[in-house]
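Trainee: Next come a sequence and a model predicted from it.
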Amino acid sequence: MGSASDGRGGSKPMDAVSVHNLGKTYTYHHKAAGFRGSLVSLVRREQLQKLAVDDVSFSIASGEMVGFLGPNGAGKTTTLKMLCGLLYPSAGEAAVLGHTPHRRERRFLRQIALVMGQKNMLWWDLPTMETLLLHRDMYDVPEREFRRTVADLSEMLEVVDLLDVQVRKLSLGERMKMELLAALVHNPSVLFLDEPTIGLDVVSQQRVRDFLRTLNRERGTTVLLTSHYMDDIEQLCSRVLVIDHGRLHFDGPLASLVEQAAPKKIVRAVYFRPVSLGALRDALGDLTPAEHYDPLRVSVEAPRDQAAHVAASLIGLGAVADLAIEEAPIEDVVRRMFVARALEAAR
Amino acid sequence: MSSVRLLWRLTAMNVMTTIEYRGAFLVYMLNNVLGPLISLLVWLTVSEQGVALPYTRSQFVTYYVLLSVAAMLTSTWIGAFLVEDIRLGNLTPWLLRPAPGILSYIGNNLGEKAVKLPLLLPLVAIVAVVFRHDLRPPTDLAAWGLFLLCLPAAAATAFFLDVTVALLAFWLDDVRGLLRLQVLVGAFLSGRFVPLELFPPELASFSLVQPFRYTLSFPLEVLTDALSQRELWLGLAAQLGYPALLYGLYRLLWSRGLRRYSATGA
């Protein structure tokens, strides 16, 4: 089972990303609300510091696809920005493909790409093809390879007919696909994705996920992905990093996160005939659901080691039309984890 | 990577973008012609009142017609874009690309000039035709040659001056006021309102050394043969020295500023 403490600290030759004790502190000034606050801040400014990333260490092997989870303001994007060389770390070290990101060496920048759900790489007023041609020149992509890559990627993303349409005339989903296309023309070894499916409809989200999965499989691209949509993480990432209040709280397989944060499974039974509450209490004892009793559809939260026993008890109560033992939804798991941390911090 | 090829593409992309907003652009750029034209009309009106002026009517007409062309080639609007890009985190896409971030702004500057010239030169031609009896274009080919050499250096001075002020946005929350001040002071000290030669004696020596002279006025002074040999050589040294100095300052502010960049909104 993974945890923050057993994160893969050692820098191995295979590591695409390696981070040691990384920290970032932002400096800002306090301004009270209102006109008076503005006047006061004109003459006297209280400098404040915010620790956005605190002593974070992890590494990502080449070809791995890792999900970065955390609530808003947890430090995910700040970490991503440091790994791309956009921000200077306040403490610790980061290495991506053997380069120190904040030095922004051209050899480093040629091998990475960052796609941001809320920021455009594309030229707003021009068709996507113009940005693609700019990237061809900028990354020295040979003409034949460029044509082939654009043809392949635009087909996979189903945007072949949209390459010559002005970016500002594209829908949000189409634009995000184009952002991905522009970021991948130079075939980067490491791809950082910050909320790549934000605001997209369900179909577009799925298309982008399928695309990323294929990209990772066929090109061996290392991917570090942040997302608010658990479906993204669930479908794409076998490993997750959980960050909250700037600190890394978990590093390991998604299954271990669920096991650690959600020690219970959900057993659901659907009956042909109603089951009385009394019979349910006799069979389950303390595990009987306290609320939302439905005589035809029974749902029980059971400790992992008792789930099979509970299922057997439910079968014994009457003819069962359907029976399932499920993990708690990943959203719930992560939410519970963050709430628990918050409560811990409050104490 | 060929920087020239890349710059060519960036310039072309900026031209295409500007053409998208041709109406707004034309109105914005009319300033390049209208400013000198208004100044010219003010001076001609004063002259008509019988006030003794150190320039003849013909000198004023020639100065302002030439100035409106030179202003088109040296003016810059990049500062406002750069400030917004730093403030709103739009510098991010350029920092992720394996090319100097400034290249995009140089492309914008060249693209702006490429669109502006065909739009505005006809307007200058109309002004020149209206005042044709007073217009005395210089005939000295050597002066024209020197003028054409000074012009790119003046454009570089204006560009890096604008960029340097804009880069203060890394440290200050809002430098738009400072930019506006720079535009106003710059218009005055570059000879756009009043030829520097006509400045009061108290300001004369200052007007010769300050950088705005080398964004517009100096190439015109070279062309209109208003300088002694000594003034010419000193001026040429400053015309080449200022862009070099400002380039160094830009490099310093850029590298220091990036340490403070917070890539907002990314």
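Mentor: Here it is on my side, so go on.
Trainee: okay, CA-based contacts and neighbour counts for the rest of this
Mentor: Fine.
Trainee: List the residues that contact the closest residue to chain A within chain B.
Mentor: When distances are taken as Cα to the nearest Cα, chain B approaches chain A most closely through residue B:98, which lies 4.8 Å from it. If you count contacts by Cα atoms under 8 Å, 6 or more residues apart in numbering or on different chains, residue B:98 has them with A:105, A:106, A:107, A:109, A:110, A:138, A:139.
Trainee: again, but for residue B:46
Mentor: By Cα under 8 Å, 6+ apart, residue B:46 lies in contact with nothing.
Trainee: count of neighbours near residue 47?
Mentor: No chain specified, so I'll use chain A. Residues within reach of residue A:47, counting by other Cα atoms under 10 Å in any protein chain shown, total 10.
Trainee: My question was about chain B, not that one.
Mentor: Residue B:47: 16 neighbours (other Cα under 10 Å).
Trainee: rewinding a little: over to the residue nearest to the residue of chain B closest to chain A when sequence neighbours are not counted: give its phi and psi.
Mentor: Ranked by Cα to Cα, 6 or more residues apart in numbering or on different chains and with sequence neighbours excluded, the top spatial neighbour of residue B:98 is residue A:106, at 4.8 Å. As for residue A:106, its main-chain torsions (degrees, to the nearest 10) stand at phi -60, psi -40.
Trainee: State the distance from residue A:106 to residue A:62.
Mentor: Here residue A:106 is placed at a distance of 20 Å from residue A:62 (Cα to Cα, to the nearest Å).
Trainee: bridging residues for residue A:51?
Mentor: Listed by DSSP bridges, the beta-bridge partners for residue A:51 are residue A:25.
Trainee: for residue 16, helix, strand, or coil?
Mentor: With no chain named, the answer covers chain A. Three-state assignment for residue A:16 (DSSP: H, G, I helix; E, B strand; the rest coil): strand.
Trainee: Show me the helices in the chain, by range?
Mentor: If you meant another chain, say so; for now it's chain A. A:34-43, A:76-84, A:106-109, A:128-138, A:143-156, A:172-184, A:202-219, A:230-236, A:254-261, A:277-284, A:307-315, A:330-346 (DSSP state H).
Trainee: Not quite, go with chain B.
Mentor: Secondary structure of chain B (DSSP H): helices located at B:3-20, B:22-29, B:31-48, B:57-74, B:78-88, B:92-96, B:102-130, B:141-166, B:176-189, B:201-209, B:217-223, B:229-258.
Trainee: follow-up on the earlier one: for residue A:106 and residue A:62, indicate the residue with more neighbours.
Mentor: Neighbour tally, residue A:106 and residue A:62, criterion other Cα under 10 Å: the higher count belongs to residue A:62, 18 against 14.
Trainee: where does that one land on pLDDT?
Mentor: Reading off the confidence values, residue A:62 has pLDDT 94.
Trainee: From chain B, how far off is it?
Mentor: Summarising the geometry, the distance separating residue A:62 from chain B, computed by Cα to the nearest Cα, to the nearest Å, is 20 Å.
Trainee: before we move on, the earlier item: are any of the contacts of residue B:98 buried, and which?
Mentor: By the neighbour-count criterion of 16 or more other Cα atoms under 10 Å in any protein chain shown, the contacts of residue B:98 include these buried positions: A:109, A:110, A:138, A:139.
Trainee: Backbone dihedrals for the closest residue to the second one other than its chain neighbours, both of them.
Mentor: Think residue A:110. The spatially closest residue to residue A:110, leaving aside those adjacent along the chain, is residue B:98, at 5.9 Å (Cα to Cα, 6+ apart). Recorded main-chain torsions at residue B:98 are phi -80, psi 50, according to degrees, to the nearest 10.
Trainee: So residue B:98 versus residue A:139, what's the distance?
Mentor: 7 Å.
Trainee: Report the set of residues contacting both of those two.
Mentor: Contact criterion Cα under 8 Å, 6+ apart; residues bridging residue B:98 and residue A:139 by contacting each: residue A:110.
Trainee: Mind pulling up the pLDDT for residue B:22?
Mentor: Each residue has a pLDDT score; the one for residue B:22 is 71.
Trainee: what about it, how many neighbours?
Mentor: Here the neighbour count serves as a burial measure; for residue B:22 (other Cα under 10 Å) it reads 15.
Trainee: same question, the one 4 residues further on
Mentor: For residue B:26, the number of neighbouring residues by other Cα under 10 Å comes to 16.
Trainee: Quick check, it in contact with residue B:119.
Mentor: Yes. With contact defined as Cα atoms under 8 Å, residue B:26 and residue B:119 form a contacting pair (7.4 Å).
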